[in-house]
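Participant: next come a sequence and a model predicted from it.
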Amino acid sequence: MIIELGHFALVFALLLSLAMAAVPLFGAHRERESWMRLAKPAAISISGLVTISFFSLIHAYALSDFSVRMVVENSHTMKPVIYKIAAVWGNHEGSMLLWALILALWTTRLVRQKEIPLPLQARALGVAGLLQAGFLSFILFASSPFQRLEPPAKEGLDLNPVLQDVLLAIHPPVLYMGYVGFSIAFCLAAAALIEKKADSNWAGILRPYAMTAWIFLTCGIGLGSFWAYYELGWGGFWFWDPVENASLLPWLAGTALLHSVAVLEKRGSLRGWTVFLAILAFSLSLTGTFLVRSGVLTSVHAFASDPLRGVFILALLGAMTGGALLLYAFRAPYLKIAGGFRPVSRESALLLNNVFLFTVLATVFTGTVYPVILSALDLGTVTVGPPYYTLCLTPLLVPFALLMGAGPNLAWREAQLAPVLKKLILPFVAAAGLALLPGFLRSEFQPVATALIFAASYIGAATLQELFTKTNRFRHFRLPASFYGMVLAHLGFAVMLAGATASTAWKSEETLWMKPQQILAFADYDITLRGIQAGLGKNYDFDRAQLTVATEGLAVGTLAPEKRWYPGAQRATSETGLLRDGLGIVYATLGDADAKDPLRRVLRFYFHPFILLLPLGVTLIALGGAVALLRRKRGEHGA
Amino acid sequence: MAHKAALMPLACFAVLAGVFAMALLREHNPAILPSALIGKPAPALELPAALKGSKGLTPEALTGGITAVNIFASWCVTCVGEQPTLMQMKKDGVTVLGIAYKDSRENIALWLQKHGNPFSAVGLDEKGRAAIDWGVYGVPETYFIDAEGIVRHKHIGALSMQDYTAKLKPLLEEMRK
Amino acid sequence: MKIISALFLLLILSLPALAVEPDEMLKDPALEARARAITHNLRCLVCQGEAVDESQAPLAADLRKLVRERLLAGDSEKTIETYLRARYGDYVLMTPPFSPTTGLLWAAPLVVLLLGTGIAFFFIRRAGKEG
């Protein structure tokens, strides 16, 4: 009964969204205020209805209602309640409903926007209505989570222990807040094109939406990467898997957008490009959805795919992105060019920044989509694996870093290059020294790692130097929030780059058989296997290795990797043992036992120095975004 | 100039969407990999007999007629489903050879007794090395070789009767010419 | 589709393995490092998101052994990769080869960078003329 209620609520929501698409857009066209104002109650009602719909699904999962097909396929009575609820979005249908819910909530936020001209708001909401209509019809006609199972099953089918993890549970909602958040930027861009106007005011409205979406996306990607690190057992944190790339692409477009919209807001320049980026970011979210759910790509992440769904999503993508780009083709020339600037200026630097970001985006996009293109044209199959990305992207990082260091130092409109370059000599030299240091300490010269450490150190040093200068040697702190945001975000990027480079270039690895009381000398540590313990967990059997780690006689900590067997799910998993030492992590996994001597086990050790700089960097980046949002008055320009 | 530049994104998108549509229409399963051996001579086949008292596999087995080389295993659950199809192929005059992948002679004998033996000869690939030579990455897989010993087609997964009648029979007809 | 999943599942569950086993490893560390580098660049055809170096699939274990045997026999990296490409296709390499079909793939980054920089400079020049 409740499920049917949820179903009906969604149908009503669809009807309302069609109204919300048509009426305000028409109202803006005819300048009928009452029609434009209809968007607000429509949006709020849609939110309410989709929420009811979503909760009806949560209700079914929480109570293990096995008359609902989705619950049978994705849940089990033995699952803890939080994972039952997380199972709502752990599958295609439920995750699309989550997508629709988040879209409705973002749209409601736009409704409550203050200081926005009514026609702009009405048009943006009209486009949002179109988007909602598209997704709601997709759910209702091609991905319904409300289907009943007749007769009801006695028990659910899925008790996959790998999916019962907190990080994994919150990873999709956080990501969707990002993906879907860019839809508002998309709607505002479409509205601007309809109005043939994208001025500084418009940029000021768009910026917080883009920024918030971007922060969520940053966190979502970070969470996914962190989960992969501790769960997958070989210490990797990024695999250039198509689904990972699908999350990176809107992030890159979003980063470019944030930089471009800053120029537009401050100086009124880069209108057409900013509008394009706003369309691009959400379009990439949609394209990612298509790639992951249509079955054209294999990925460890991909949902059970269905070409029919793929057709529907492609149609949605075609209508939304195609429609927006068509609008762009005809209306973009109307966007007035304003705000001149000299070749050496902040604007130029930001424009070049966008060139770099776009190049990275194009590379990641090409690599991800290329196998699909080749097979569609019947030209065979290739794998575009991590080596492609590292080979193509690494060379970009040093010039990008140099730009990142110089950019914030340049004045708007017209800047002097010579004094800036002179100022940057200090960070340059400091970074060079820092980059060459590991080579001497390790008596091993790694050119690529050195270049990347240089890039990271340079960005860090230049950013700190700028902070020092602008605050007048840390005496005067009344600076715009966006400046501190930039400092944090750029520092975060430097820290992240340093962490990624160090943990990869300087990692240690060892695989061996060990017996109890055996001591292994590994990467400046002495690791002793104390013993193997067998036992029973909540719903699994385990073998656990007890290892103590010491360095130069001093105890550092213990490691306890496990191998588990879940009889309910008939699955084995491997739980890694992690030990933090400073900024590095010692990482251990337990392997098979010797058939002849059960106490003799395969053990695998990794040491990742400075790897904690990665989550630290990501946190700083997200924090920088959050700080930049704390602007007191709109119209107050960033530094 | 400005107008033309503004059309670029739409044009690029249209091309891309077209490619995606083609990818969908092909109903291509990206998990199924095309064989690198198509159009090339079949790999040399030299395997010991899997069944006592019968022959193993030698390169000569591949010449002189249309051959289907089926890689299977007694521990492979889906392989059971394709035995009827292989029996039908044998009846239709196709020489069916078997490569038993990572298996033991006892289990193979029992399995063939239970599910039928369409094979004129079965070779035992204990370590799985011959399978690697054929580009095998799962069981079951079936290769179709023409009279000259050229690999013409690879079928991945169990051969259903439907697959046989719809796709493979016409192919075999063509190969006979 | 279901058949394929069942097939893969079967291969994964049948023989437990945990990527490179100590017994697989070569005695000579330099040779072992080369083996690891090669297998790191080979795609596991079963668990298609993983490299042969990391994958727990039995086929991956076989390929790891094969690579080491060939290294011991004196084959070079190129020879081993060619050997596997001949049997499994270009797909088996993590790094796409340089061929006419992959020309666009490899050219794309540089082309975009040059084009983008060119357009940016054009735009900067135009903006310089305004006010």
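Facilitator: Structure received.
Participant: so for the helix or strand encompassing A:L249, what gets flagged as buried?
Facilitator: Using DSSP states H and E, A:L249 falls within helix A:242-267. By neighbour count on 16 or more other CB atoms under 10 Å in any protein chain shown, the buried set for helix A:242-267 is A:242-267. Quick note: C-beta positions are derived from backbone N, CA and C, even for glycine.
Participant: what packs against the next helix or strand after that helix?
Facilitator: Beyond helix A:242-267 on the C-terminal side, the first helix or strand identified by DSSP H and E is helix A:271-293. Contacting helix A:271-293 under the criterion 3 or more CB pairs under 8 Å, 6 or more residues apart in numbering or on different chains; DSSP states H and E are the following elements: helix A:166-195, helix A:200-231, helix A:242-267, helix A:307-317, helix A:323-331, helix A:346-376, helix B:2-25.
Participant: for the fourth one, list the C-alpha coordinates in CSV.
Facilitator: Read it as helix A:307-317. As requested, the backbone C-alpha atoms of helix A:307-317 are provided in CSV (Å, rounded to 0.1, in the frame of the first residue of the first chain):
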residue,chain,number,x,y,z
PRO,A,307,20.5,-1.3,-23.3
LEU,A,308,16.9,-0.1,-23.2
ARG,A,309,17.7,2.1,-20.3
GLY,A,310,20.7,3.2,-22.2
VAL,A,311,18.5,4.4,-25.0
PHE,A,312,16.2,6.3,-22.6
ILE,A,313,19.2,8.0,-20.9
LEU,A,314,20.8,8.8,-24.2
ALA,A,315,17.5,10.4,-25.3
LEU,A,316,17.4,12.4,-22.1
LEU,A,317,21.0,13.4,-22.7
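Participant: get me the contact residues on chain B for chain A.
Facilitator: For chain B, the residues in contact with chain A (CB under 8 Å from any CB of the partner chain) are B:2-3, B:6-7, B:9-10, B:13-14, B:16-17, B:19-24, B:26-31, B:33-34.
Participant: rewinding a little: packing partners for the helix holding A:L249?
Facilitator: Using 3+ CB pairs under 8 Å, 6+ apart as the contact criterion, the elements in contact with helix A:242-267 are helix A:166-195, helix A:200-231, helix A:271-293, helix A:346-376.
Participant: that's a strand at B:Y137, yeah?
Facilitator: No: the secondary structure assignment for B:Y137 gives coil rather than a strand, going by DSSP: H, G, I helix; E, B strand; the rest coil.
Participant: what about the closest residue to it other than its chain neighbours, how many residues nearby?
Facilitator: With sequence-adjacent residues excluded and distances taken as CB to CB, 6 or more residues apart in numbering or on different chains, B:Y137 is closest to C:L45, at 3.8 Å. By other CB atoms under 10 Å in any protein chain shown, 24 other residues sit near C:L45.
Participant: show me the shaky parts of chain B.
Facilitator: Within chain B, the ranges that satisfy pLDDT under 70 run B:1-2, B:28.
Participant: show me the helices in it, by range?
Facilitator: Assignment of helices within chain B using DSSP state H yields the ranges B:2-25, B:83-91, B:105-115, B:129-133, B:161-163, B:169-176.
Participant: where is the longest helix in chain C?
Facilitator: Longest helix in chain C, counting by DSSP H: helix C:103-129.
Participant: do that helix and chain B meet?
Facilitator: No: using CB under 8 Å from any CB, helix C:103-129 stays clear of chain B, coming no nearer than 8.6 Å.
Participant: could I get the buried residue list for that helix?
Facilitator: Applying a neighbour-count criterion of 16+ other CB under 10 Å, one finds C:105-106, C:108-109, C:112-113, C:116, C:120, C:123-124, C:127-128 buried in helix C:103-129.
Participant: thinking again about what came up before, adding distance to C:Y91 and mean neighbour count, write the helices of chain B out as TSV.
Facilitator: Rendered in TSV, the data for the helices of chain B read as follows (distance: least, CB to CB, whole Å; neighbours: other CB atoms under 10 Å in any protein chain shown):
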stretch	distance to C:Y91	mean neighbour count
helix B:2-25	16	16
helix B:83-91	27	18
helix B:105-115	31	15
helix B:129-133	15	19
helix B:161-163	23	12
helix B:169-176	23	14
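Participant: possible to save these as TSV with distance to A:S482?
Facilitator: Written out in TSV, the entries for those read as follows (distance: least, CB to CB, whole Å):
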stretch	distance to A:S482
helix B:2-25	29
helix B:83-91	68
helix B:105-115	70
helix B:129-133	58
helix B:161-163	62
helix B:169-176	66
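Participant: out of those, which gets nearest to chain C?
Facilitator: With CB to the nearest CB, the closest approach to chain C among the helices of chain B belongs to helix B:129-133: 6.3 Å.
Participant: chain center to that closest one, what's the gap?
Facilitator: 13 Å (CA atoms, centre = their mean, to the nearest Å).
Participant: show me the beta-bridge partners of the residue nearest to A:A560 when sequence neighbours are not counted.
Facilitator: By the measure of CB to CB, 6+ apart, the closest residue to A:A560 outside its immediate chain neighbours is A:G577, 4.9 Å from it. Here A:G577 sits in beta bridges with A:A588, going by DSSP bridges.
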